[in-house]
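Undergrad: need a structure here:
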Amino acid sequence: MEENKEMTYTEAVNELEQLVQKMQDPQCSIDNLSDYTKRCKELLDICRKKLTAADEQLKQILADIQQQG
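TA: Residues are numbered from 1 along each chain as shown. Now for the predicted structure:
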């Protein structure tokens with residue numbers, strides 16, 4: 001993953017799903033579990049940030065519509 005390219009919500013969710021599958025695999029190494037967990041937290045932060053931004057945008061759009069009506 002390129003560091004300078006901002007990850008989309010969909011990309012973050014897809015990676016989260018892949019990591020969860022890896023973590024649920026009985027062959028998952030305990031050595032990798034910590035790294036997977038850290039990455040999951042990063043991805044959840046990205047998702048939360050995107051959802052919050054979308055919520056704020058929708059609230060502003062709805063407020064603008066109400067003012068016009």
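Undergrad: Could I get the contacting residues of residue 20?
TA: residue 40 (Cβ atoms under 8 Å, 6 or more residues apart in numbering). In short, each C-beta sits where N, CA and C put it, glycine included.
Undergrad: From residue 52, how far out is it?
TA: 22 Å (Cβ to Cβ, to the nearest Å).
Undergrad: Repeat that for residue 25.
TA: Residue 25 sits 32 Å away from residue 52, going by Cβ to Cβ.
Undergrad: Quick check: buried residues in stretch 10-18?
TA: 12-13, 15-16 (16 or more other Cβ atoms under 10 Å).
Undergrad: Those residues in strands, which ones?
TA: Using DSSP state E, no member of those sits in strands.
Undergrad: Now the two most distant members of those.
TA: 13 and 15 (7.4 Å; Cβ to Cβ).
Undergrad: list residues touching both of those two?
TA: Common contacts of residue 13 and residue 15 (Cβ under 8 Å, 6+ apart): residue 43.
Undergrad: Helices of this structure, start to end?
TA: Taking DSSP state H to define them, one finds helices in the chain at 9-24, 30-68.
Undergrad: quick one: which of the buried residues of stretch 10-18 is nearest residue 60?
TA: For those, the nearest to residue 60 is residue 12 (23.4 Å; Cβ to Cβ).
Undergrad: do you know how far the closest one is from residue 24?
TA: 19 Å.
Undergrad: returning to what we had before: of the helices of the chain, flag the one that's most buried.
TA: Most buried of these, by mean neighbour count (mean count of other Cβ atoms under 10 Å): helix 9-24, with a mean of 14.
Undergrad: With just CA atoms, put that one into PDB.
TA: Provided in PDB are the C-alpha atoms of helix 9-24 (Å, rounded to 0.1, in the frame of the first residue of the first chain):
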ATOM      1  CA  TYR A   9     -13.300   3.400   3.200                       C
ATOM      2  CA  THR A  10     -14.000   0.400   1.000                       C
ATOM      3  CA  GLU A  11     -10.300  -0.400   0.900                       C
ATOM      4  CA  ALA A  12     -10.000  -0.200   4.700                       C
ATOM      5  CA  VAL A  13     -13.000  -2.400   5.200                       C
ATOM      6  CA  ASN A  14     -11.700  -5.000   2.700                       C
ATOM      7  CA  GLU A  15      -8.300  -5.100   4.400                       C
ATOM      8  CA  LEU A  16     -10.000  -5.400   7.800                       C
ATOM      9  CA  GLU A  17     -12.100  -8.400   6.600                       C
ATOM     10  CA  GLN A  18      -8.900 -10.100   5.300                       C
ATOM     11  CA  LEU A  19      -7.100  -9.500   8.600                       C
ATOM     12  CA  VAL A  20     -10.000 -10.900  10.600                       C
ATOM     13  CA  GLN A  21     -10.000 -14.000   8.500                       C
ATOM     14  CA  LYS A  22      -6.200 -14.400   9.100                       C
ATOM     15  CA  MET A  23      -6.700 -13.900  12.800                       C
ATOM     16  CA  GLN A  24      -9.400 -16.500  12.900                       C
END
